[in-house]
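>>> got a predicted structure here, sequence first:
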Amino acid sequence: MPITPVRSRRLARSVRAAGALAVAAALVAGLAACSGSASAETAAPTGKVTIGAFSNGAAKETTLSVPTVAKIRAELPASVREEGTLVIGVGDLPAGFPPLAFTGDDTKTQTGSEPDLGRLIAAVFGLRPEIKPSTWDNLFVGIDSGRTHVGLSNITDTEKRKEKYDFASYRQDNLSFAVKKASKWNFDGDYRNLAGLKVAVGSGTNQEKLLQEWQSKLQSEGKTLDIVYFPDTGSTYLALNSGQIDANFGPNPSAAYHATQDAKSANPTRIAGTYSGAGESLQGLIAATTKKDSGLVKPLADAINYLIENGQYDALLAAYNLENEAVKTSEINPPGLPITNQ
């Protein structure tokens, strides 16, 4: 749930850590791409989009029917229609952050739920998708310069960012509790259910701040919540599997990826509840991000809503085990994280 550039990078590190082993083979390709070279898909739109390709087990590969929608295509700026390509920025270099965006196991394809959403949107527009990987900072440089039409990279809608960008929301920005699959515990949106538990969290993160607030509330009620820390994701999950901790509280996509990867292992995990990355008063949202007043935000929102209404959106989230971050509709510039919270 990136809420400032620093926290955005912190989230990316957290999610990347969960998939480091799975994408190690792709790291060399990712580093080679640091210059910002794009993954261009030169074939003309065919009405078919394959999602989950080369995802190294992060998703089930599926081919979806996605026709060009003439009414939505007509909303695009003429220059974009004439160019014939939708340039999609993804800030996943150097190492990727599965299941959202990373270099595939063919060592060249940009895969993950974010690039695949870009492919689906491009199909609705009748355009070829061009996935342009970059570092997080250079993602915004690309949008600012106009070299990138849209950023799809787990970008949180914030009021500060609205000074420069327009947003079309497409996913909830959630934290989640990961537990052993056999555990009977569930969060159920109530901090009081954390009483007596030992929960791991990353130091200096937004989720740590939330846990500390809940810990203080429980202590005022005469109850306990032990917060513990580990140096990396691997040691955290070892502690979870051995029973040293009851749960891990972190970015939902990371927990979803872990649950997919270890589903057939001796120590499967599951998600035992989610919580908005923006806190109690606001549901945080992840949004397609364009340069302000570029003329792209309405067609982007309309394309996402088409995908929601016709089932491709649900299929995408299901493929990546992200159904618990689904939105009912894409909104243009919805309320974002307040500047005072950033």
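Sure, I can see it. Residues are numbered from 1 along each chain as shown.

>>> by mean pLDDT, point me to the weakest helix or strand of the protein.
helix 27-32 (a mean of 38; mean pLDDT, DSSP states H and E).

>>> thought A256 was touching P99?
Yes - under the criterion of CB atoms under 8 Å, A256 makes contact with P99 at 6.6 Å. All C-beta atoms are positioned from the backbone trio N, CA, C, and that covers glycine.

>>> which helix or strand contains the nearest residue to G118 once chain neighbours are set aside?
Spatially, and ignoring its direct neighbours in sequence, G118 is nearest to I88 (3.6 Å; CB to CB, 6 or more residues apart in numbering). Taking DSSP states H and E as the definition, I88 sits inside strand 85-90.

>>> and that strand, C-alpha only, in PDB?
Coordinates of the C-alpha atoms in strand 85-90 are reproduced here as PDB (Å, rounded to 0.1, in the frame of the first residue of the first chain):
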ATOM      1  CA  THR A  85      -0.100   1.100 -28.800                       C
ATOM      2  CA  LEU A  86      -0.900   1.600 -25.100                       C
ATOM      3  CA  VAL A  87       2.300   2.100 -23.200                       C
ATOM      4  CA  ILE A  88       1.900   0.700 -19.700                       C
ATOM      5  CA  GLY A  89       4.500   1.600 -17.000                       C
ATOM      6  CA  VAL A  90       5.300  -0.900 -14.300                       C
END
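
>>> partner strands of whichever helix or strand comes after that strand and their direction?
Next helix or strand after strand 85-90 toward the C-terminus (DSSP H and E): strand 102-103. The pairing partners recorded for strand 102-103 under DSSP bridges are strand 110-111 (antiparallel).

>>> packing partners for the helix or strand just after the strand it pairs with?
Sequence-wise, the next helix or strand downstream of strand 110-111 (DSSP H and E) is helix 113-125. Helices and strands touching helix 113-125, by 3 or more CB pairs under 8 Å, 6 or more residues apart in numbering; DSSP states H and E, are strand 48-51, helix 70-73, strand 85-90, strand 128-133, helix 297-309, helix 312-319.

>>> nearest to E221, of those?
When these are compared by CB to CB, helix 312-319 sits nearest E221, at 36.8 Å.

>>> just how off-centre is the closest one within its chain?
Put simply, helix 312-319 sits 13 Å off its chain's centre (CA atoms, centre = their mean, to the nearest Å).

>>> what is it packed up against?
On a contact count with 3+ CB pairs under 8 Å, 6+ apart, helix 312-319 meets strand 48-51, strand 62-65, helix 113-125, helix 297-309.

>>> what's the helix or strand for the residue of the chain positioned farthest from its centre?
Relative to the centre of the chain, the most outlying C-alpha is that of G222, 37.1 Å out, by CA atoms, centre = their mean. Taking DSSP H and E as the definition, G222 sits outside all helices and strands.

>>> now it: how far from L210?
21 Å (CB to CB, to the nearest Å).

>>> low-confidence ranges in the stretch 201-342 of the chain?
Low-confidence segments of the stretch 201-342 of the chain, defined by pLDDT under 70: 341-342.

>>> and the helices in it?
For the stretch 201-342 of the chain, the helices defined by DSSP state H, counting those that start in this stretch cover 206-220, 233-242, 252-261, 297-309, 312-319.

>>> what are the buried residues along the second one?
Pointing back at helix 233-242 there. Under the neighbour-count criterion of 16 or more other CB atoms under 10 Å, helix 233-242 has 233, 236-237, 239-241 buried.

>>> just put those residues in CSV and tack on distance to S134.
Formatted as CSV, these follow (distance: CB to CB, whole Å):
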residue, distance to S134
T233, 24
T236, 29
Y237, 30
A239, 34
L240, 33
N241, 35
